[in-house]
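Take a look and give me a structure for this.
(2 chains)
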Amino acid sequence: MSNVETTGTRSPSRWERLFDRSTRELLVGMLFAAPYLVLFSVFLLYPLLKGLYMSLHEWNFLEPSKSTFVGLENYTRLLEDPAFWNALWNTLEFVGLTVPLIVGISLVLALGLNKELVGSRVLQFVYFSPYVLTVSVVGIVWAQMFAQGGVGTQYLGWLFEGSPLNSKFWAMPAIVVTTVWWQAGFYFAVLLAARQNVPARLYEAARLDGAGPWRMFRDVTLPHMKNALLFVVIASTIFQFQVFGQPYLMTKGGPVGSTETLVYYLYELGFQTRELGFGAAVGYTLLLILVGVSMLNYVLVGTNDE
Amino acid sequence: MSGITIDNVRKEYDSDAGTIRAVDDVSLDVADGEFLTIVGPSGSGKSTLLRMIAGLEDITDGEIRIGETVVNDIAPQNRGVAMVFQNYALYPHMSVRQNMSYGLKLTTDLGSDEIRRRVESTAEMMGIGDLLDKKPNNLSGGQQQRVATGRAIVRQPDVFLFDEPLSNLDAKLRLHMRTELQRIQDELDTTSVYVTHDQSEAMTMSDRIVILSEGTIQQVGTPAEVYAEPVNRFVADFIGSPSMNFFDVRLENGVLQGADFDYEIPSGLASTVEANRTAENLVLGIRPEHVSVDTEGEETVTATLDVLEHEGSDNYLYLSNGDTEWTVRVDGSTRFEWGESVEFTLPAEHLHVFDGETGENLVADEGATATTDGSSVTASVRE
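A predicted model of the protein is given here:
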């Protein structure tokens, strides 16, 4: 005889009597989702809605209840404000310079360091390490390097007179260089992981098919790294649009507003002139730009169809 | 089309543990139009050898010729070879049509109409004509395998190289694709080198088989030769399923003495063993299907049936006497009961005796084929 014990049918618990199976599963699911939903509501949803509400008011900083509803007036004022257009232009310039440089440099580094060469592990660490620094450290160090008599200024002295941070033309490139140095390492790590996921057999098949290095890159590497590249482009674009720390620490938005970006402008409105309603309208405009940029990226680079 | 000549080829890798010799002084001729299978366990060097023919691995020493051309320093795409990979290595973002035409676009100056015509006719031949616009990820394993084979065929190479192309398929599809590949090879008559670890694939598909172990060739021969006349214990063990029975024995006065039985073997066989042996200890080998339970008028070995496996057309008997275990294959209609004593004989024409030190088959030309009189070995169970 088998020595396996059989269990009898047990009577349903109170919990089981109260709810049918699908309701129980729904309740358990909600219970698991609840902690995040609470955090999401408090720290994301509420500020998002409050920001929208504020942007439609002339906000009274000291007595919010005395704020007056102005409809879309903050937004129309925004469109007529040259300081906003200047900040938007500066932000676009910064993003337009930074993102291609970050994507290009991190891609080149990922492809170069993918090979098992002597020292490649050390170099991987070296290239990634700036990313662990905070923006304050990065900003202060590079501000010193680009200051009058700083190391960077000495080496690049043939390009500009004095500190580039005091030059209307060179201040933005200096911030761009700082940002690329700081952040390319993270995107390099993402792209290196993606490159290492490309099956080696595909390169062998391509070699037998007569593909040279360029065709292999175009027809094997790039299609496989497409999703990672898409992530890098979108993530770095969104991140760079929100640039604040570098101009705040290195140039204070100057000289002559040449490095004043949207978030810096928002900061000035909110924390210096206390125009919180108007500042919220700037924030919402930035949000709409970012949503638009993300959608544009998806359309241009395509979605994963494999 | 071309044959392949492999001359004293060696492949060494440097590692932390020193130099690893993956392929050790291999020489081999593959005839024009031949289907040659390289078989061996994991790490035997079979894929390395294939990849050296393809040009995907450098050769440490030696020479490989395809036709009359030494290809050691010729790039893979210029060797006139096409390869089918184990995991197919199809370009996932390209359609089947693009996958198949890619090599033609890069290595030939054929016009796009001619490329399309070739791809479509090959796809028809492979039964994938209706899949040309699909991406590989939307295909089943079997369909991907056909596309990978079609991609190789469409290039009309001098040599096909197959690197375990069926190992990712389920058993039924694998059997089907075996015959498909054989049909294609018969039709095209292209020299083919096929690597597998599956000895039954090797036995059923090949003109000749190369058995490789630890980078060296153990035996080259037709499937019938390597089955009937394995040159050493490794080959005898590797070829055949279930594998051969092996017993440690000694030879005294024409009698092979095992742990639990004695065999008297024909004098010719005994003297061949005596003449060739290098050691006292020997290993007796006989295949499960060659053990005979038809014992009328014979001296027999008796053993107890421990396990009986029904496989439809055949039954497998797992027997033991003392510490000695036997595997015996009998006809499916033969009935035995668990615990029953089974008597069997060991036909001398199917006996193999291996040297205990070198593992060489001492009767490779004798045991399995020499005793042509059909006489059986006289056997007795040791008390």
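
so how far is B:Arg208 from the nearest residue to A:Val263 once chain neighbours are set aside?
The shortest distance from A:Val263 to any residue other than its chain neighbours is 4.1 Å, reached at A:Phe244 (C-beta to C-beta, 6 or more residues apart in numbering or on different chains). In this view, the C-beta of every residue, glycine as well, is placed from N, C-alpha and C. Separation of A:Phe244 from B:Arg208 (C-beta to C-beta, to the nearest Å) stands at 73 Å.

contacting residues around B:Glu201?
B:37, B:39, B:166, B:174, B:178, B:194 (C-beta atoms under 8 Å, 6 or more residues apart in numbering or on different chains).

SS state for it?
With DSSP: H, G, I helix; E, B strand; the rest coil as the basis, B:Glu201 sits in helix.

what does the one 10 residues further on give?
Per three-state DSSP, the local secondary structure of B:Ile211 is strand.

and the spatially most central residue of chain A, what is it in contact with?
Among the residues of chain A, the one closest to the centroid is A:Phe239, at 2.4 Å (C-alpha atoms, centre = their mean). For A:Phe239, the contact set (C-beta under 8 Å, 6+ apart) comprises A:Gln183.

which residue packs closest to B:Ile128, ignoring adjacent ones?
Of all residues not flanking B:Ile128 in the chain, B:Arg146 sits nearest, at 5.0 Å (C-beta to C-beta, 6+ apart).

Helix or strand for that neighbour, just tell me which one.
Using DSSP states H and E, B:Arg146 maps to helix B:141-153.

Check which element follows that helix along the chain.
Using DSSP H and E, the first helix or strand after helix B:141-153 is strand B:159-163.

returning to that earlier point: can you tell me the number of residues neighbouring the residue nearest to B:Ile128?
For B:Arg146, the count of nearby residues is 23 (other C-beta atoms under 10 Å in any protein chain shown).

from memory it sits against B:Met126, does it?
Yes - the pair B:Arg146 and B:Met126 passes the contact test of C-beta atoms under 8 Å, sitting 4.6 Å apart.

List the contacts of B:Ser267.
Contact analysis of B:Ser267 by C-beta under 8 Å, 6+ apart lists B:Gly254.

Now do the phi/psi pair for it.
Main-chain torsions, B:Ser267, degrees, to the nearest 10: phi -60, psi -40.

Now do the same for it: its pLDDT.
Per-residue pLDDT puts B:Ser267 at 84.

re the thing from before, ok, now how distant is the residue nearest to A:Val263 from chain B?
Between A:Phe244 and chain B the computed distance is 39 Å (C-beta to the nearest C-beta, to the nearest Å).

Could you pull up phi and psi at that residue?
Torsion angles at A:Phe244 (phi, psi; degrees, to the nearest 10) stand at phi -150, psi -50.

so what's it up against?
Contacts of A:Phe244 by C-beta under 8 Å, 6+ apart are A:261, A:263-264, A:267.

interface residues of chain B facing chain A?
Chain B comes close to chain A at residues B:54-56, B:75-77, B:81-83, B:85-87, B:89-94, B:102-103, B:106-107, B:135, B:137, as judged by C-beta under 8 Å from any C-beta of the partner chain.

Strands - which of those land there?
Among the residues of chain B next to chain A, the members found in strands (DSSP state E) are B:81-83.

Please report which of those residues has the highest neighbour count.
Counting neighbours by other C-beta under 10 Å, B:Met83 leads those with 29 neighbours.

Might one say that that one is in contact with B:Pro165?
No - between B:Met83 and B:Pro165 there is no contact under C-beta under 8 Å: 9.3 Å.

By residue count, tell me the biggest helix in chain A.
Longest helix in chain A by number of residues (criterion: DSSP state H): helix A:82-113.

Flag every buried residue along that helix.
Residues of helix A:82-113 classed as buried: A:84, A:86-88, A:90-91, A:93-95, A:97-99, A:101-103, A:105-107, A:109-110, A:113 (neighbour count, 16 or more other C-beta atoms under 10 Å in any protein chain shown).

Equivalent analysis for stretch B:235-253, please.
B:235-236, B:238-240, B:244-245, B:247, B:249, B:251.

ok, now stretch B:139-153?
Residues B:139, B:141-153 are the ones in stretch B:139-153 that count as buried (16+ other C-beta under 10 Å).

Quick check: the farthest pair among these?
B:Gly141 and B:Ile153 (18.6 Å; C-beta to C-beta).

where does the residue nearest to B:Lys11 when sequence neighbours are not counted land in three-state SS?
Using C-beta to C-beta, 6+ apart and skipping the chain neighbours, the partner closest in space to B:Lys11 is B:Val23 (4.0 Å). With three-state DSSP as the basis, B:Val23 sits in strand.

Contacts only, for B:Val23.
By C-beta under 8 Å, 6+ apart, B:Val23 lies in contact with B:9-11, B:45, B:48-49, B:52, B:215.

Ok, B:Leu251 next?
Each residue near B:Leu251 by C-beta under 8 Å, 6+ apart is listed here: B:257, B:265, B:270, B:273-274, B:277, B:282, B:353.

I'd like to check the angle between the host helix or strand of A:Gln124 and helix A:82-113, please.
Remark: A:Gln124 resides in helix A:120-128, with elements defined by DSSP H and E. Orientation check (axes from the mean of the first three to the mean of the last three C-alpha atoms, to 10 degrees): helix A:120-128 against helix A:82-113 gives 180 degrees.
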